[in-house]
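Visitor: I'll drop the sequence and a predicted model, then ask my questions.
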Amino acid sequence: MSIRRNNFQIATKVEFTNIKCTSLDPKFLEFQYCYLKSINRSYKYISLKTKLANFPVPKPRVNIELMKRFSGYKPFLYNVTVDACSFLKNPKSNPIALYLHGFFKNHSNMNHTCPYDHDIDIDRLSISSLNRHLTEVLPFPIGDYLFQSNWIADGINRANVNMYFTLS
């Protein structure tokens, strides 16, 4: 996003800094890969792929929390838990989840209704989609952020995916 003020142009941009994927139940789910790849100074992307042991995924839910760094990461704006099946059947039912899902929906195979009877992946999520969401759709203040997600099946937290990024 660019803003022109008094003949100066102010620009903001998002940059990935890290990603951490943790399987809390390796018998249910394993990460085949989870990485941040830097192609050059301006192009980085995130990719991850899970290997699920049981199909279909029973009662999938996702808890997403956005955190900002203030002497450690503290809650910032959103902490929402959604029933994935209900949400994907009617995405407009939860505007916050719809906004957060918009970060990665075009780079993932998680954009259909239940049942989930396949492995889940996010392929080459670049900063451009986050940049638009965080600077144009709903502008965020400059700082370091953590997009923390907990993936729950049958009432048990099975995996955590933490995406770290900076808005400057």
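Guide: That came in fine, so what should we check first? What you see is a predicted model, and the numbers here were worked out from it, not measured in a lab.

Visitor: now do the strands in this protein.
Guide: 2-5, 8-11, 14-23, 29-38, 44-52, 60-69, 73-83, 121-126, 143-153, 156-167 (DSSP state E).

Visitor: so which of the ones you listed is nearest Glu136?
Guide: Nearest to Glu136, of all the strands of the chain, is strand 2-5, at 10.1 Å by Cβ to Cβ. Where C-beta positions appear, they are placed from N, C-alpha and C, glycine not excepted.

Visitor: need the strands of the chain in a markdown table (columns: distance to Pro115, mean pLDDT and mean neighbour count).
Guide: What follows is the strands of the chain, written out as a markdown table (distance: least, Cβ to Cβ, whole Å; pLDDT from 0 to 100; neighbours: other Cβ atoms under 10 Å):
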| stretch | distance to Pro115 | mean pLDDT | mean neighbour count |
| --- | --- | --- | --- |
| strand 2-5 | 44 | 51 | 8 |
| strand 8-11 | 44 | 50 | 8 |
| strand 14-23 | 21 | 94 | 16 |
| strand 29-38 | 16 | 95 | 14 |
| strand 44-52 | 12 | 93 | 19 |
| strand 60-69 | 9 | 94 | 19 |
| strand 73-83 | 13 | 91 | 15 |
| strand 121-126 | 17 | 92 | 17 |
| strand 143-153 | 12 | 94 | 19 |
| strand 156-167 | 16 | 95 | 18 |
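
Visitor: got those strands as TSV, with distance to His133 columns?
Guide: Output for these, formatted as TSV (distance: least, Cβ to Cβ, whole Å):
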stretch	distance to His133
strand 2-5	16
strand 8-11	16
strand 14-23	9
strand 29-38	18
strand 44-52	14
strand 60-69	11
strand 73-83	12
strand 121-126	12
strand 143-153	11
strand 156-167	11
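
Visitor: so how far is stretch 108-127 off the chain centroid?
Guide: Taking Cα atoms, centre = their mean, to the nearest Å, the mean C-alpha location of stretch 108-127 is offset from the chain mean by 11 Å.

Visitor: likewise for stretch 25-38?
Guide: Taking mean C-alpha positions (Cα atoms, centre = their mean), stretch 25-38 and its chain are 14 Å apart.

Visitor: residues touching Leu130, list them.
Guide: By Cβ atoms under 8 Å, 6 or more residues apart in numbering, Leu130 lies in contact with Val14, Phe103, Phe165.
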